[in-house]
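Provided below are the primary sequence and the corresponding predicted coordinates.
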Amino acid sequence: MASYSIQEINDLLKGELVGNTTQQIEGPEQLQNAKNNHITFIGSTKYIKYWETSQACAALVNDTLSVEPGENRAIIKLKNADLAMAKILELFNPPAPEFETEIHATAVIHETAKMGDGCKIGANCYVGKNVVLGNGVVLYPNVSIFDHTTIGDNTVVWSGTVIRERSDIGSHCIFHTNVSIGADGFGYRPSDDGRGMVKIPQIGNVVIGHYVEIGANSCVDRAKFSSTIIGDGCKIDNLVQIAHNCILGRSCIMAGQSGLAGSVTLGDGVIVGGGAVIKDHTTIGSGATIGGGSGVINDVGPGQTVLGYPAQDSRDMLKQWVAMRKLVKK
Amino acid sequence: MASYSIQEINDLLKGELVGNTTQQIEGPEQLQNAKNNHITFIGSTKYIKYWETSQACAALVNDTLSVEPGENRAIIKLKNADLAMAKILELFNPPAPEFETEIHATAVIHETAKMGDGCKIGANCYVGKNVVLGNGVVLYPNVSIFDHTTIGDNTVVWSGTVIRERSDIGSHCIFHTNVSIGADGFGYRPSDDGRGMVKIPQIGNVVIGHYVEIGANSCVDRAKFSSTIIGDGCKIDNLVQIAHNCILGRSCIMAGQSGLAGSVTLGDGVIVGGGAVIKDHTTIGSGATIGGGSGVINDVGPGQTVLGYPAQDSRDMLKQWVAMRKLVKK
Amino acid sequence: MASYSIQEINDLLKGELVGNTTQQIEGPEQLQNAKNNHITFIGSTKYIKYWETSQACAALVNDTLSVEPGENRAIIKLKNADLAMAKILELFNPPAPEFETEIHATAVIHETAKMGDGCKIGANCYVGKNVVLGNGVVLYPNVSIFDHTTIGDNTVVWSGTVIRERSDIGSHCIFHTNVSIGADGFGYRPSDDGRGMVKIPQIGNVVIGHYVEIGANSCVDRAKFSSTIIGDGCKIDNLVQIAHNCILGRSCIMAGQSGLAGSVTLGDGVIVGGGAVIKDHTTIGSGATIGGGSGVINDVGPGQTVLGYPAQDSRDMLKQWVAMRKLVKK
């Protein structure tokens, strides 16, 4: 296991070292659970009280907080301790699960599939006809990739994920477990006898840019025709629904259990809070923020923050919530 | 790749052909992305402006819109261009992913399982004891079907889907990727010492009719006893939850991320909007509509449209939303 | 198939037997669907009317209800017929799906993995490096367990479920189908050029206690560092999201499609209703109840019941709902 001295860690973070510890540091841990070989993190005044009784030998602290190191303990003061913590996590990031062989004997790979250098394909994967994998693509066990799909360099696909036919996936993406990419969009027409519904073929595909991350059990449906598009750098959390023909710009964030109905367009850098749902054919401007749990039924302008159901400008909605509370207070 | 002349396409659609193009048409595409071998679609006045600069050689247009074809371009005017587009999609629908062999050598199929003519079973599937598959059933790779389940003719099951024991599935159904059918209902009783909960066995099953479609990562739980029932022609979108002992009539629609708690009954033709949740033991009458994002805590009458949380008649709720906004406007 | 006389059943339930039937009872069924070899259940006055025309030969009835048995039919009167029904379900609980062999030949198990006595591992499972399974662990087909994960005695994992590396799982747990345990938490930092986001390594793990049940397609993310923790006896329904660094106490209940954002803490015995979402870094006290469909943005005290969005004390919220309705009624 890797270990570092407090000096080595501060050389990396370039903060202000206060106090000292001779203890080698073997990982980060929360204040209350830390042992003496751990470095911890004090993000706000409310956690300072735990420092004295914590066993941690060191802590990252925002330079606005007043904390004393104590005996054989050290503090590194930083402008942004939270950001510095990300570097600590990179330092102690354990290796990913191992592959004993690069291409497992139980993987079923169509003879027409092509793959670049250094790909790893786990046990019981399925790779269909004319699939093209770039260099360094990793498919963990039990992944299914269907015909004519292309996946860019160094993209990682975790177990249980299914990528349907004709998807076009960029490089450096991560698909977490049990993701569904390219399932049919949800579209029907009335049957000729008017008594039921007939499926409309969904003949489009899914196009995903580079550096996109899709959370566990999330879904991106294929387009009715043309493409459902996820722009470069989008980060999608778990259990998110992206319906057919949605278009997401660059670096959008969708938190857990949020959802886009059909043909929603997000600009660049849109943030959608957890559990928020957005009506079909709605356009959300670049830099807009949709509050958690909101229901959006109208277009949202660039940079606007909306909240509530039906979602409105957040300042208006906050006032409305106050007014509603007053209705029942005397 | 299939291609058609504009005359061949209009013979199918039986619209009014205005203008002409000698270009062979190779598929549908959206106005802005179309190349000159594409046919496109103009659904409303707001899209007319894109037609002039679109490279598409042809377009389907509602006959209420005023659009000029231009040189070597054609327009097909139709009463319902949207419905006609569904026929275009059928025309250009690409073939489903291929099976090299009908029953893949890596599929594990119990010796007592029976299957009809023309079934296809993909790599690494599991088919348990006494499973009965009708004619033409398709299981894509990595599907698991448990003991004593019956599946009707021509039903298609996509990768990652699990159908638990004793399920009874109709014909011409589609199960998209990572669907869970027949997991235990969510039922517990207090433990005898009062300090925890004890699982109540969920000994019922799931019964699904014909022409039912279940979206990616959706769940239908088995009944506590008796059956959870999905009627013929129901269409269920992605990430939908249907709890134990729910009963859905014929041709219900449940949009993405909607959910039914235990023992909810839907009549025929009920529409549940995206993200709406319905309380346990509630009855929703035939033809009722539940607005997207609503929370339903009371029974809803046949044909009624409800909205909001707690959901009320949509006209009342719309008025209430207006009144709430007025509270904070001077 | 097991069958019991009404006397044998009443010996188990110790209720008051009224009337008699010579019919052997072969299972429970709902009033309207029951055949004459079924025992049924009358839970409230609204179902009494179905008893006369039901074919069931026997019924469990709350002793506050007035129901006559009729000819060759029996009624068992009980203080809590619902709880007694759970015992009937245990009596008729059919066996779980069979394993022909204990460890299926197609399972891929790393040579360093250890397993206790009586484990069963289904077709096409994957078990990684240094995984440790206790006695009697059952992995149904198509399960993936990653490196250094530990699973306690008699835990059952259903198909499609993926448990990522370094998870620590207790005994007697049930993971339903397509569950995702230990996917990366959702954490990013701004990139140095300010134009995008960079992934923060999620180096923690998931720790799950004993007698925990996790519903189909639910997700529990690994911690950023330290652990995401689910306490003993927690019961989690389908399509639930539990984000990184959440901590659940003992015997919490989370109903379908509910979700916890990052670093939420639940005390013991907290109940979260279906579809409710809880903001990050919120603390919910022991014994608190979160109403279905609520959006919680503030801490909730022990024993408190909150409702609505933003969630408030349920009595206040109910009054507010009444007041809102009055706004539009004259």
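Received, thanks.

how much space between A:Ile229 and A:Ile247?
Remark: distance between A:Ile229 and A:Ile247 (CB to CB, to the nearest Å) = 5 Å. All C-beta atoms are positioned from the backbone trio N, CA, C, and that covers glycine.

and if you look at A:Ser144?
26 Å.

then A:Ile88?
For A:Ile88, the distance to A:Ile247 - CB to CB - is 37 Å.

those two: which is more packed in?
A count of neighbours by other CB atoms under 10 Å in any protein chain shown puts A:Ile88 above the other of A:Ile88 and A:Ile247, at 25 against 20.

can you confirm the more buried one is in a strand?
No: A:Ile88 sits outside any strand when classified using DSSP: H, G, I helix; E, B strand; the rest coil, being helix.

where does it land on pLDDT?
We have a pLDDT of 96 for A:Ile88.

strands along the stretch 1-150 of chain A, start to end?
Using DSSP state E, counting those that start in this stretch, the strands of the stretch 1-150 of chain A run over A:16-19, A:27-28, A:38-42, A:58-62, A:74-78, A:108-109, A:114-115, A:120-121, A:126-127, A:132-133, A:138-139, A:144-145, A:150-151.

just say which of those is most tucked in.
Ranked by mean neighbour count, these are led by strand A:144-145 with a mean of 30 (mean count of other CB atoms under 10 Å in any protein chain shown).

pLDDT weak spots in chain A?
A:330 (pLDDT under 70).

domain-wise, how is chain A divided?
For chain A, automatic domain parsing gives the domain ranges A:6-91, A:161-316.

need these in a markdown table (columns: distance to chain C).
Below are the domains of chain A laid out as a markdown table (distance: least, CB to the nearest CB, whole Å):
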| stretch | distance to chain C |
| --- | --- |
| domain A:6-91 | 4 |
| domain A:161-316 | 4 |
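
compare these and give me the one nearest A:Glu100.
Nearest of those to A:Glu100, taken as CB to CB: domain A:161-316 at 20.4 Å.

between the two ends of the closest one, how far is it?
End-to-end span of domain A:161-316 (CA to CA, to the nearest Å): 41 Å.

surely A:Gln241 touches A:Gly256?
No: between A:Gln241 and A:Gly256 there is no contact under CB atoms under 8 Å: 11.3 Å.

and what about A:Gln320, helix, strand or coil?
Assigned with three-state DSSP, A:Gln320 falls in the helix class.

residues touching it, list them.
With contact taken as CB atoms under 8 Å, 6 or more residues apart in numbering or on different chains, A:Gln320 is in contact with A:Gly308, A:Gln312, B:Met324, B:Arg325, B:Leu327, B:Val328.

tally of neighbours for A:Val143?
Residues near A:Val143, counting by other CB under 10 Å: 30.

now it: how far from A:Val156?
On the measure of CB to CB, A:Val143 and A:Val156 end up 10 Å apart.

so what's A:Val137 closest to, chain neighbours aside?
Leaving aside its chain neighbours, A:Val137 sits nearest to A:Cys119 (4.7 Å; criterion: CB to CB, 6 or more residues apart in numbering or on different chains).

what's the local residue count around that neighbour?
Neighbour count for A:Cys119, taken as other CB under 10 Å: 20.

wait, doesn't it sit right on A:Thr101?
No: counting by CB under 8 Å, A:Cys119 stays clear of A:Thr101, with 11.9 Å between them.

that older thread, would you turn the domains of chain A into TSV with distance to C:Leu266?
Below are the domains of chain A laid out as TSV (distance: least, CB to CB, whole Å):
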stretch	distance to C:Leu266
domain A:6-91	17
domain A:161-316	16
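
single out the most deeply packed of those domains.
Of the domains of chain A, the one with the most neighbours on average (mean count of other CB under 10 Å) is domain A:161-316, at a mean of 23.

chain B contacts on the stretch 201-330 of chain A?
By CB under 8 Å from any CB of the partner chain, the residues of the stretch 201-330 of chain A that approach chain B are A:201-203, A:217-219, A:221, A:224-226, A:239, A:241, A:243, A:257, A:259, A:261, A:277, A:279, A:295, A:297, A:309-310, A:312, A:316, A:319-320, A:322-324, A:327.

thank you, goodbye.
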